[in-house]
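A.B. asks: Sequence first, then the predicted structure:
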Amino acid sequence: MKKRLFTSERMSKEGDSSLIISNERKKKTLFTGLQPSGALHIGNYFGALKPFIDTYEDFESHLCVVDYHALTTVRNPQVLNRNILDITKAYIAAGVDPEKTILFKQSDVLQHTELAWVFECLVTVPFLMQAHSYKDKVAKGLEANAGLFNYPMLMASDILLYDAEVVPVGSDQRQHIEYTREAANKFNIAFGETFVAPQEKILDAVGVVPGVDGQKMSKSYGNTIPLFGSEEEVKKAVMSIVTDSAGDHPEHVYAIHKLFKTDEQLAPIYEDNKGRYGDLKKILLADIEEVIAPMREKFNAISDDDVRVVLKEGGNKARERAQAKMEQVRTAIGVDL
């Protein structure tokens with residue numbers, strides 16, 4: 001006897017047909033985003049792009065170009081426009097199939113900022129002041145505008161608007177999910193159960209991607225290795241990695257190399273090239289190029305018009321889902337008459 005594929009069958013009133021409810025388990029919803037705030041680097045690839053590509057087909061995935069987040073730092077409209085197009089190309093060039101995910105930009109779905117305002121009315125100023133992104137930039141003397149201060153609540157709305165259950169983050173981004181859970185909890189207490197608190201998918205294998213100076217790789221610190229730069233640009237960045245002349249193994253070179261090869265693969269390489277920092281950088285450069293050269297070729301083959309079509313289609317799908325969620329929110333808070 002065949003195993004039943006359905007848990008229940010309900011006959012129609014006429015008795016000549018049935019409503020069949022599938023027992024197939026619904027995929028969990030995943031959300032991730034990346035700011036179009038400048039040229040992408042390998043930290044973006046290992047910290048956000050690759051983890052998404054490795055897992056997105058296992059989920060009902062939402063991939064968002066969070067362009068409103070970029071306004072905390074980007075003031076040039078032409079630059080932002082270019083960055084939006086390029087980051088979308090990057091996702092596709094790195095391996096994302098737009099047919100298998102909802103790929104869209106944040107500004108095409110106005111419900112993101114609407115929901116963020118609701119959350120901002122529920123959390124306190126001292127709570128937002130504890131955000132790592134805010135404290136870190138202030139400590140480094142960077143401008144702390146209101147957008148940067150409220151950043152966590154817009155991020156929370158990005159995630160909760162789609163009832164995302166899984167959010168892939170680096171180990172240094174755990175606080176983002178904690179803030180999102182708090183926003184969901186504050187709302188649910190005030191207005192009734194509406195949001196499901198997401199679970200982080202911590203990417204322990206990646207952790208913090210180091211830059212050429214040993215700090216976290218960041219455009220703000222000017223310590224990046226470009227992801228889609230020319231071979232010469234990548235070479236210049238790799239050869240600029242800071243080294244310590246006192247040791248046999250250059251710490252910062254090795255830390256970046258571990259992204260491309262395992263410790264077991266690197267052990268004989270670094271043993272055979274003790275103290276030869278220049279040679280080790282050249283080996284690292286070759287390993288980087290092996291990974292990024294095919295992506296660079298695909299990136300350059302994608303047109304701006306191709307990107308616009310993808311984002312428009314993805315925006316339509318995302319907007320439909322976001323609108324349905326905001327209808328629940330508006331009813332809950334009392335503004336839907």
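C.D. replies: Structure received.
A.B. asks: Spit out the contact partners of residue 69.
C.D. replies: For residue 69, the residues meeting the contact criterion (CB atoms under 8 Å, 6 or more residues apart in numbering) are 33, 35, 37, 106, 151, 154, 155. For every residue, glycine as well, the C-beta is placed using N, CA and C.
A.B. asks: Next step: those restricted to helices.
C.D. replies: The helices in this structure, assigned by DSSP state H, contain 151, 154, 155 from the contacts of residue 69.
A.B. asks: list the contacts for the first one?
C.D. replies: Residue 151 sits next to 69, 72, 131, 133, 134 when contact means CB under 8 Å, 6+ apart.
A.B. asks: tell me which of the residues you listed is nearest to residue 306?
C.D. replies: Relative to residue 306, the closest of the contacts of residue 151 is residue 69; by CB to CB it sits at 23.9 Å.
A.B. asks: neighbours of the nearest residue to residue 148 once chain neighbours are set aside, just the number please.
C.D. replies: Among residues not flanking residue 148 along the chain, residue 72 sits closest, at 4.6 Å (CB to CB, 6 or more residues apart in numbering). Residue 72 sits with 21 neighbouring residues when counted by other CB atoms under 10 Å.
A.B. asks: How about residue 308?
C.D. replies: Going by other CB under 10 Å, the residues that sit close to residue 308 add up to 13.
A.B. asks: So among the ones in helices among the contacts of residue 69, where is pLDDT lowest?
C.D. replies: Comparing pLDDT over these, the lowest score belongs to residue 151 (91).
A.B. asks: Please report how far that residue lies from residue 169.
C.D. replies: For residue 151, the distance to residue 169 under the criterion CB to CB, to the nearest Å works out to 15 Å.
A.B. asks: what do you get for residue 141?
C.D. replies: 26 Å.
A.B. asks: Which one's more surrounded, these two?
C.D. replies: When residue 141 is set against residue 169 and neighbours are counted by other CB under 10 Å, the residue ahead is residue 169, at 19 against 7.
A.B. asks: tell me which strands and helices the helix ranked longest in the chain is in contact with?
C.D. replies: Longest helix in the chain by number of residues (criterion: DSSP H): helix 304-333. Judged by 3 or more CB pairs under 8 Å, 6 or more residues apart in numbering; DSSP states H and E, the packing partners of helix 304-333 are strand 60-65, helix 77-94, strand 102-105, helix 111-120, helix 174-191.
A.B. asks: next structured bit after the first one?
C.D. replies: From strand 60-65 onward toward the C-terminus, using DSSP states H and E, the following helix or strand is helix 67-70.
A.B. asks: Alpha carbons of that next one, as PDB, please.
C.D. replies: This file holds the C-alpha atoms of helix 67-70, laid out as PDB (Å, rounded to 0.1, in the frame of the first residue of the first chain):
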ATOM      1  CA  ASP A  67      19.500  51.400  -0.100                       C
ATOM      2  CA  TYR A  68      17.800  53.500   2.500                       C
ATOM      3  CA  HIS A  69      20.300  52.300   5.000                       C
ATOM      4  CA  ALA A  70      23.000  53.600   2.800                       C
END
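A.B. asks: And that helix, how far out from the chain middle?
C.D. replies: 13 Å (CA atoms, centre = their mean, to the nearest Å).
A.B. asks: Now residue 291: phi and psi?
C.D. replies: phi -80, psi -50 (degrees, to the nearest 10).
A.B. asks: Let's verify the nearest residue to it once chain neighbours are set aside: helix, strand, or coil?
C.D. replies: Nearest in space to residue 291, with sequence neighbours left out and distances taken as CB to CB, 6+ apart, is residue 260 at 6.2 Å. Under DSSP: H, G, I helix; E, B strand; the rest coil, the three-state class of residue 260 is coil.
A.B. asks: same check, this time on the one 10 residues further on
C.D. replies: Local secondary structure at residue 270 is given as helix here, using three-state DSSP.
A.B. asks: right, and it touches residue 255 too?
C.D. replies: No: the pair residue 270 / residue 255 is not scored as a contact, 11.9 Å apart, by CB atoms under 8 Å.
A.B. asks: where does the residue found closest to residue 240 once you drop the neighbours it is linked to in the chain fall, phi/psi-wise?
C.D. replies: Among residues not flanking residue 240 along the chain, residue 212 sits closest, at 5.3 Å (CB to CB, 6+ apart). With angles defined as degrees, to the nearest 10, residue 212 shows backbone torsions of phi -70, psi -10.
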